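# below is the sequence, then the predicted model.
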Amino acid sequence: MARRRRSVSNAEVARALREMALFLEMDGVAFKPRAYEKAAQVVAGLDRPLAQIDEEAGAAGLEALPEIGAGIAERIEELLHSGRLQELEALRRERPIDVLELIAVEGLGAKRALALYDALGIRNVRELERACRAGRVREVPGFGAKSEARLLESVGFVAGSRGRQLLGTVLPLARELEARLAALPGVRHAAVAGSIRRGRETIGDLDFVVVAREPARITEAFATMPEVVRVYGRGETKALVRLEAGIDADLRAVHEASFGAALVYFTGSKAHNVELRRIAQKAGLKLNEYGLFRGRERIAGRSEEDVYDALGLAWIAPELREARGEIEAAREGRLPRLIEYGALRGDLQIQTDWSDGSASIEEMAGAARKLGLEYIAITDHTRDLAMTGGSDEARLLEQAQEIARINRKLRGFRILSGAEVNIRADGSLDIADDVLAQLDVVGAAIHSAFRQSREDATRRVLRAMRNPHVDILFHPTARLLGRREPVALDIDAVVRAAVETGTVLEIDAQPERLDLKDEFVRKAVDAGAKLAIDSDAHHPGQLGWADTLGIAVARRGWARREDVVNAQPLADCRALLKDGRAARSRRKRAARRRRRPA
DNA sequence: GCCGTTTTCGGCCCGACTGTTTTCAGTCG
C-alpha cells in the first residue's frame, strides 16, 4: 500500500517562497523578489490549507489567490506534490547560505549576506558570529569595524529574541510609553500607531508618532528611556530602539501639518498603504508620511480624515486596514458602523472560586459593575474538568440558588446562572440536559482531544451546537497563540450551524485565545450569526479584556453592535439566546391559538 | 513574477538612516 506523503503546510510553502525571493534578490533580479515575497505573505495569511485548495481546484484555485499567478502556482504545486522545489534546491546548492536565518540579523539583507558568503564563506549566524569575533568581517568591502560590531551585537539579539508578542501583553506598555511621550515638554500629539493601533493579535514592534516643537529632543528622550537596552539608530526625526521587554520600538516625529498622513503611514498595514498610494498615484498625486501631494503642494495631511477624504474615501477605522476590501467599501460608502469600545453591557463568560477562578461570585459581580456592566453570567467549569474543581449537576443547581440569593440583594445589576460545559470528543456534553435547561446561559467548549481530523472535530462541535440548551460556543477553536494550534474546524460549517441553530459564537478575549479570530468573526458577521464578546476572566482584573482585546477582534472582523448579544440590554440579550428564542416562539404560537376562532 | 479604470505589455510605494561609497547602496519600516 502506498504511504501517504506528509502534507506540506502553508508555513513551509511561505518559507520556500521567501527564500526564493532572497536568492533572486542576491542576484539583483528586478521585481521578481517582491513578487515572491508578496506571494509568501498571502500564503502565510491564508486560513485554509493550500493542499486543500489544490485538491479541490488545482492550479486554477491557487491562481485565484491574490499575488499568485501561473508561475508561482506551478511552484506551489511542485512543493505540495513532491515536497520539494527543484529550482530552490539548485539555488541552495549554488550558494549554501541559510539566508532566512541570516537576514533575521538586524542590518543584514540578501545583498550583504551574499557579500559575506563570497568573501568569507559565511553560511549561517554561527559562522557570522565567529567571523565578527575574529575581526574578519571588517575586511570585506562595504563593511567596516562599525558594522562588524553592530552585527555581532545583533547576533546576540537574534538568539534572545522572542518574536512577536501578545497584544494583551504589549498594549499596557504601549499606552504607558504613549502617555509619557505626550507629557514631554513641547509635545503637541503623541500616538501609538502600528499593529497595536490596528488591534492585531500579536505585535512585532511598537510604533509611535509625535508632533513636537523640537523633535530632536524627543527622539533623544525616547532613546534614553530607562526601558531602552539598545539604540539601533537615532536622528533628528526618527529613533529605533530595543526595549527590555524584548521588543523594538520605533518613534517618528513630524510636523503638525503631517500628523494625519504620518499616522496613516505608520498605522499600516503595509498592504493597506500600498493600496492607498496606488490610488494617489492614479490620481496624479503622491502619498507619503508627510502628506498627500499634487506636485509640491500638500493637499492633505493634517488629519487622517483629510487624507482619506482627498483620496475619495471615507475614513477607515484602523482595525479594518488590512487590505481585505475596506478600501472598496470606503469608496462606495458601505463601511460597517463598527461596534465601539465601551459598548458592552454584559459579560457572558466568567469563572469564580467555584472552579478555577480566584474570586467569589460577589467579587466578580462587584468588579464588573465598577466597569459599567449591567449583567454577567457565571460560567464555571463542569464535571470533566476535575482539575479545575468543575461542578456536577447538583453543584451547578446549588450555585444557581446562591446566585439567586445574591441577585435578591442587587439593584440595577443582574447575575445570570450558567456553566462552561465540556464538549467531549464525540460531541456529547458532560452535564445532563435537564440541568442545563435550568441555567440562564450555557456555554459549551472544547478542552481536550484537540487533534481530531477536520471531519471529526466539525461533527463534534455541530452536535454540541444542536443541543437546544447550548446558547454559546465558547472559544470555538480552542487555540492558544504561540502554544496550541486551533482545532481543525470547518469554520464555514460552524457558522452555518450557528445561524441555523441560533447558537451564539464567542470571541473569547483572553490574550492567548482571541478566539474566534478576526477572519472567522467576519465570516460569522457576513452570514448573520450572533456573537458574544467575553472576558473569560478568572480574576477581577481580567474583566477589562473584553472591552479592549475582545472589541478589537470584533472590529477587525467588521462586527457591528447589533451583531453582539452582550452589547444589548439584558432583556434583549436573553431574548437572543436559544432559550429566549424558544420562549418567544412558544408565546407566538400561543397567541396565534388565542386569535383563532374556536 | 504579478497585474489591469494605462488590460496581454510595461509598469511595479516611498523615504530615513547608516556606514563608508567621496555620491550612494543597502536595509528597514
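Thanks, I have the structure now. Numbers count the residues shown, from 1 in each chain, chains lettered A, B, ... in the order given.
# okay, CA-based contacts and neighbour counts for the rest of this
Will do.
# so which helix or strand takes in whichever residue of the stretch 401-550 of chain A sits closest to DNA strand B?
Nearest residue of the stretch 401-550 of chain A to DNA strand B (CA to the nearest atom of the strand) works out as A:Glu519 at 20.2 Å. According to DSSP states H and E, A:Glu519 maps onto helix A:518-527.
# quick one: contacts of that helix?
Residues outside helix A:518-527 that contact it (CA atoms under 8 Å, 6 or more residues apart in numbering): A:491-492, A:495-496, A:499, A:505, A:507, A:530-531, A:553-559, A:563.
# if we use 10 Å, what do you get?
Residues external to helix A:518-527 that are found in contact with it (CA atoms under 10 Å, 6 or more residues apart in numbering): A:46-47, A:199-201, A:319, A:324, A:491-492, A:494-496, A:498-499, A:504-507, A:515-516, A:528-531, A:550, A:552-560, A:563-564.
# which among these end up buried?
Among the contacts of helix A:518-527, the ones that count as buried by 16 or more other CA atoms under 10 Å are A:199-201, A:319, A:491, A:494-496, A:498-499, A:504-507, A:515-516, A:529-531, A:550, A:552-560, A:563-564.
# SS state for A:Asp384?
Judged by DSSP: H, G, I helix; E, B strand; the rest coil, the three-state class of A:Asp384 is coil.
# now it. Its backbone dihedrals?
phi -60, psi -30 (degrees, to the nearest 10).
# distance check, it against A:Gln452.
According to CA to CA, to the nearest Å, A:Asp384 stands 18 Å off from A:Gln452.
# tell me which of those two has more neighbours.
Per other CA atoms under 10 Å, whichever of A:Asp384 and A:Gln452 has more neighbours is A:Asp384, with 20 against 15.
# from A:Asp440, how far out is the more buried one?
A:Asp384 is 21 Å from A:Asp440, by CA to CA.
# check A:Tyr36 too.
A:Tyr36 is 53 Å from A:Asp440, by CA to CA.
# pretty sure A:Thr87 contacts A:Glu19?
Check again: residue A:87 is Glu, not Thr. No: using CA atoms under 10 Å, A:Glu87 is not in contact with A:Glu19, being 11.1 Å away.
# so for the two, which sits in the more crowded spot?
Comparing A:Glu87 with A:Glu19 by other CA under 10 Å, the one with more neighbours is A:Glu19, at 23 against 11.
# ranges for the strands of the stretch 301-450 of chain A?
Here the stretch 301-450 of chain A has its strands, by DSSP state E, counting those that start in this stretch, at A:346-350, A:375-378, A:414-422, A:441-445.
# let's have these in a markdown table, adding mean pLDDT and distance to DNA strand B.
Compiled in a markdown table, these are given as follows (pLDDT from 0 to 100; distance: least, CA to the nearest atom of the strand, whole Å):
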| stretch | mean pLDDT | distance to DNA strand B |
| --- | --- | --- |
| strand A:346-350 | 97 | 36 |
| strand A:375-378 | 97 | 40 |
| strand A:414-422 | 95 | 42 |
| strand A:441-445 | 95 | 38 |
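# as a markdown table, those with mean neighbour count would be great.
Formatted as a markdown table, the strands of the stretch 301-450 of chain A follow (neighbours: other CA atoms under 10 Å):
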| stretch | mean neighbour count |
| --- | --- |
| strand A:346-350 | 28 |
| strand A:375-378 | 26 |
| strand A:414-422 | 26 |
| strand A:441-445 | 26 |
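# so which of these is nearest A:Trp545?
strand A:346-350 (10.5 Å; CA to CA).
# report the angle between the closest one and strand A:414-422.
40 degrees (axes from the mean of the first three to the mean of the last three CA atoms, to 10 degrees).
# which strands or helices does strand A:346-350 pack on?
helix A:361-370, strand A:375-378, strand A:414-422, strand A:441-445, strand A:504-508, strand A:531-534 (3 or more CA pairs under 10 Å, 6 or more residues apart in numbering; DSSP states H and E).
# hmm, A:Met225 is touching A:Leu177, no?
Yes: using CA under 10 Å, A:Met225 makes contact with A:Leu177 at a distance of 9.4 Å.
# when the two are compared, which one has more neighbours?
Per other CA under 10 Å, whichever of A:Met225 and A:Leu177 has more neighbours is A:Leu177, with 20 against 13.
# which strand or helix spans the more buried one?
Going by DSSP H and E, A:Leu177 is part of helix A:167-182.
# immediately after that helix, which helix or strand?
strand A:187-192.
# and whichever residue of the stretch 51-200 of chain A sits closest to DNA strand B, how many neighbours?
Residue nearest to DNA strand B within the stretch 51-200 of chain A (CA to the nearest atom of the strand): A:Gly144, separated by 2.5 Å. Around A:Gly144 there are 14 other residues, counting by other CA under 10 Å.
# quick check: closest non-adjacent residue to it.
A:Arg138 (4.2 Å; CA to CA, 6 or more residues apart in numbering).
# burial of A:Val105, as a residue count?
Neighbour tally, A:Val105, other CA under 10 Å: 22.
# and it, how far from A:Ala239?
Between A:Val105 and A:Ala239 the distance is 19 Å, computed by CA to CA.
# and if you look at A:Glu374?
From A:Glu374 to A:Ala239 the distance is 45 Å (CA to CA).
# about what we covered before: now do the helix holding A:Glu519 and strand A:504-508, the angle between them.
150 degrees.
# please point out which parts of helix A:518-527 sit buried.
A:518-525.
# so what pLDDT did A:Ala359 get?
According to the prediction, A:Ala359 has pLDDT 88.
# my guess is it meets A:Gln542, correct?
No: in terms of CA under 10 Å, A:Ala359 does not count as a neighbour of A:Gln542; the distance is 11.3 Å.
# then stretch A:234-241 to PDB, C-alphas only?
Extracted in PDB, the C-alpha atoms of stretch A:234-241 (Å, rounded to 0.1, in the frame of the first residue of the first chain):
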ATOM      1  CA  ARG A 234      18.600  57.900  16.200                       C
ATOM      2  CA  GLY A 235      18.300  61.000  14.000                       C
ATOM      3  CA  GLU A 236      16.500  64.400  14.100                       C
ATOM      4  CA  THR A 237      13.100  62.900  13.400                       C
ATOM      5  CA  LYS A 238      13.400  59.200  14.000                       C
ATOM      6  CA  ALA A 239      14.600  56.700  16.600                       C
ATOM      7  CA  LEU A 240      14.600  52.900  16.700                       C
ATOM      8  CA  VAL A 241      15.400  51.200  19.900                       C
END
